[in-house]
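*Asks:* sharing a sequence plus its predicted fold:
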Amino acid sequence: MLVLHIPDMTCGHCAATVTKAVQSVAAGAQVAVDLPAHTARVTGAADAAAVLRALADAGYPAVAQAGDRP
C-alpha cells in the first residue's frame, strides 16, 4: 500500500482527477481518497515513482508518507 499526502486535493473533482492519474500508470490499482486529510491510499501493483510523476503532471504534487514504499 502506498499512502500519499496531496495538499492541493480539496474537492470531489480533485479526487476524481487524482484517481484517474493513479490508474493511468497503475491499471487495476484501488484508490481510496480522504479529502479532509488530503490523502490517498493506493493498493495493488503501483510503482510509487510513476504514481508521483503522474500526479505531478495532473497538477497534484504528492508526497509519499513515511513508512511507505518509495
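*Replies:* Thanks, I have the structure now.

*Asks:* CA only for contacts and neighbour counts going forward, please
*Replies:* Noted.

*Asks:* wait, is Thr19 part of a strand?
*Replies:* No. Thr19 is assigned helix when assessed by DSSP: H, G, I helix; E, B strand; the rest coil, not a strand.

*Asks:* just confirm it contacts Val31, I think it does.
*Replies:* Yes. Using CA atoms under 8 Å, Thr19 makes contact with Val31 at a distance of 6.0 Å.

*Asks:* OK, contacts around Leu52?
*Replies:* 61-63 (CA atoms under 8 Å, 6 or more residues apart in numbering).

*Asks:* from those residues, keep the buried residues only.
*Replies:* Buried members of those, counted by 16 or more other CA atoms under 10 Å: 61-62.

*Asks:* what about the contacts of Leu52, which are in strands?
*Replies:* Within the contacts of Leu52, residues falling in strands by DSSP state E are Val63.

*Asks:* what's the closest of the contacts of Leu52 to Val3?
*Replies:* Val3 lies nearest to Val63 out of the contacts of Leu52, by CA to CA, at 8.5 Å.

*Asks:* identify the bridge partners of the closest one.
*Replies:* Assessed by DSSP bridges, Val63 has beta-bridge partners His5.

*Asks:* thinking it is in contact with Asp8, fair?
*Replies:* No. Taking contacts as CA under 8 Å, Val63 lies outside contact range of Asp8: 11.4 Å.

*Asks:* can you give me the helices in the chain?
*Replies:* 12-25, 48-57 (DSSP state H).
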